[in-house]
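[1] Below are the sequence and a predicted model for it; my questions follow.
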Amino acid sequence: MTMMKFPKRYLIVILTFICTSVCYIERVGFSIAYTVAADAAGVNQSSKGTILSTFYYGYACSQVPGGWAAQKIGGRKVLLLSFVLWSATCALVPLDPNRIFVLVIARLLVGVAQGFIFPSIHTVLAQWVPPHERSRSVSLTTSGMYLGAAAGMLVLPSLVKYRGPQSVFLAEAALGVMWSLLWFKYASDPPRSEHPKATAAGFGESLLPTKGNQKSKLENGGSSTRTAKIPWKRILLRFASLGNRG
């Protein structure tokens, strides 16, 4: 009997699971490495708080642009670019607690880059995974966050002890580069509507928006998908009306 071919969508889900794990290893690792280095350099608590919180400013500001970029450019490309950006930042920026401005800029860049990751992941999963498997795929992908946080807290303190705080940055950059190479090699765009079986299974369709997706005929007999704009005004007014009921 011939072996069944491993479905490509399963590989995509596994790679996104590893992606979230590596992201959270980076977050935990920076906190551990920077705290040790800052304590050794006598950095005050205010400066430490500024550096540790800067990541989340960049992360929060890039969520909506990340979703827009994933829809316009493609989740696969945006995810790869995001990983390359934060990995390069970890590899090139030295961990010097006294250079506060440099660390603030570096953490902003890492925060912005990682803010693009989760919108891109959801776009990729919405395109690759059929509707009846999406909840399980998202659950598996997001569970990588907890694995990454746990693995980082278990392993990285020993790395700091024996190799120094800077080694954590280099290890995280190496993980990011390895994942980027795997994603570049194995990830691809999802099947499109020219494949009848793929269309029937829901492949290549985006979750947002679903009602506005319409096919317009071209002169050469082909078809293209036109996506309506997201009704932000109706969404905000709907939230306001629900709040008034409470």
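    Alright, I've got the coordinates. Residues are numbered from 1 along each chain as shown.

[2] Show me what the helix or strand that contains residue 78 is in contact with.
    Using DSSP states H and E, residue 78 sits within helix 75-92. Helix 75-92 is contacted by residues 19, 26, 66, 69-70, 106, 109-110, 112-114, 116-117, 119-124, 127, 169-170, 172-173, 175-177, 179-180, 183-184, 187-189 when judged by Cβ atoms under 8 Å, 6 or more residues apart in numbering. Glycine gets a C-beta too; all of them are placed from N, C-alpha and C.

[3] Run the angle between the next helix or strand after that helix and helix 75-92 for me.
    Of the helices and strands lying after helix 75-92 in sequence (DSSP H and E), the nearest is helix 100-115. Relative orientation of helix 100-115 versus helix 75-92 (axes from the mean of the first three to the mean of the last three Cα atoms, to 10 degrees): 160 degrees.

[4] Need the pLDDT of residue 228.
    With respect to pLDDT, residue 228 has a value of 58.

[5] who's in contact with the residue nearest the centre of the chain?
    In the chain, the centroid-proximal residue (Cα atoms, centre = their mean) is residue 117; its distance is 1.8 Å. Taking Cβ under 8 Å, 6+ apart, we find residue 117 in contact with 19-20, 23, 66, 79, 82-83.

[6] at 6 Å instead, please
    By Cβ atoms under 6 Å, 6 or more residues apart in numbering, residue 117 lies in contact with residue 82.

[7] Residue 121 contacts residue 18, correct?
    No: using Cβ atoms under 6 Å, residue 121 makes no contact with residue 18, being 11.3 Å away.

[8] between these two, who's got more neighbours?
    The residue with more neighbours, out of residue 121 and residue 18, is residue 121; 28 against 19, by other Cβ atoms under 10 Å.

[9] List phi and psi for the nearest residue to that one once chain neighbours are set aside.
    Closest residue in space to residue 121, ignoring its immediate chain neighbours: residue 16 at 5.0 Å, by Cβ to Cβ, 6 or more residues apart in numbering. Dihedral pair for residue 16: phi -70, psi -30, per degrees, to the nearest 10.

[10] what's the answer for residue 74, then?
    Taking degrees, to the nearest 10 as the convention, residue 74 sits at phi 120, psi 130.
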